[in-house]
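Novice: Sequence first, predicted model second:
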Amino acid sequence: MLCNASGTPFLSVGVTVADLVMRNAQGTYWCRECGHHSSSRRDLCRHIEARHVAGDYRCQFCNKSVTTKYNLQRHVNKNHQDELAAADSSLSRALLNASMHL
Ligand SMILES: [Zn+2]
Ligand SMILES: [Zn+2]
C-alpha cells in the first residue's frame, strides 16, 4: 500500500544524515535521497536533516508533532502566520520599551 498522507515522499525513517551524504569525484556533495547538490558538506547536512531525517519536532503554537524541521516550518508558515506576526511585533515592542527605559 502506498501511503503518501504525510506529504513527505522522500522521508526515510531510520536513516541518519551520514547515510545520505554522497560525494562525487569533483568534490561536490549530493543527497542520495533526492539528488540535491551542494559544494558545502555542512549545507548538505542541514538539507538532509531538515528534509529526510525523521525526528520529533513540535509546533510552539499548537503543540502539533511533525517528523521533520521542514514540515514544521511549512506547518507554522501555513497555520500560524498571525501568531508569528504577533510574536514578532510583541518582541520588537518589548525591545523598544526596553531601549526607551535606558
Ligand atoms: Zn535531499
Ligand atoms: Zn501549530
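Specialist: Cool, the structure landed. Ligands and ions are numbered 1, 2, ... in the order given.
Novice: Find the nearest non-adjacent residue to Y57, please.
Specialist: Excluding its sequence neighbours, the residue lying closest to Y57 (CB to CB, 6 or more residues apart in numbering) is L72, at 4.4 Å. Placement of C-beta: from N, CA and C, glycine included.
Novice: Skipping adjacent residues, who's closest to Y29 in space?
Specialist: Among residues not flanking Y29 along the chain, L44 sits closest, at 4.4 Å (CB to CB, 6+ apart).
Novice: Flag every residue of the protein that's near ligand 2.
Specialist: Applying CB under 5 Å from the ion, we find that the chain lies next to ligand 2 at C59, F61, C62, K64.
Novice: Could you turn the buried ones of these into a PyMOL selection?
Specialist: One line in PyMOL is enough to select the buried members of the residues of the chain next to ligand 2, burial here meaning 16 or more other CB atoms under 10 Å:
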select buried, resi 59
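Novice: Widest-spaced pair of the residues of the chain next to ligand 2?
Specialist: Within the residues of the chain next to ligand 2, F61 and K64 form the most distant pair, 8.3 Å apart (CB to CB).
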